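Q: Structure, please.
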Amino acid sequence: MSVGPIATHPDLQMIVVGRCGEGQLLTGWHEREADGRSGLPFRASGPDASLVLRVRQEATRLNLLVSGPVGIAGRPVDARIIFNNRKFEMPVGIDHWVYRSFPLEVHRPLLQVRIQVASPVIPDLVLANGDPRKLGVFLSAIWSE
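A: Predicted coordinates:
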């Protein structure tokens, strides 16, 4: 699992994996991969991952493009996203990319975000493929608007 630099002043208002902002992924993220069906780049979270994002003053929503190891797990991935001292459930119930959006009721120019997954998927336990990673959600993009 990679641990990114401590980004105290991120420059970007979005993270698009494979294009910009990956240095704003702090702890709990695996290396970049690409979806075998679409080629969409993503980073898998572990059970507890964090990132930091610059937010425009007029922004009212935090948006994500996410997926998860549902096909491996055979069950939805029950994730939670935490920011601005609020927790939101963020289930990923299908094995495809989905859009999730959450209200930004409190404005802070730097938003610290945590993604938590109580029951991460370990591919080796299901597929016997030698992959011991604990996989949470797959993040392709996060932005405010």
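Q: how about residue 38, what does it touch?
A: Shown in contact with residue 38 (C-beta atoms under 8 Å, 6 or more residues apart in numbering): residue 97. Quick note: C-beta positions are derived from backbone N, CA and C, even for glycine.
Q: Return the distance of it relative to residue 142.
A: Going from residue 38 to residue 142 by C-beta to C-beta, to the nearest Å gives 18 Å.
Q: repeat for residue 58
A: Distance, residue 58 to residue 142, by C-beta to C-beta: 18 Å.
Q: Mind checking which of these two has more residues around it?
A: Neighbour comparison, residue 58 and residue 142: the larger count goes to residue 142, with 25 against 9 (by other C-beta atoms under 10 Å).
Q: Pretty sure that one sits against residue 17.
A: No: using C-beta atoms under 8 Å, residue 142 is not in contact with residue 17, being 9.2 Å away.
Q: the residue most distant from the middle of the chain, which is it?
A: residue 128 (25.3 Å; C-alpha atoms, centre = their mean).
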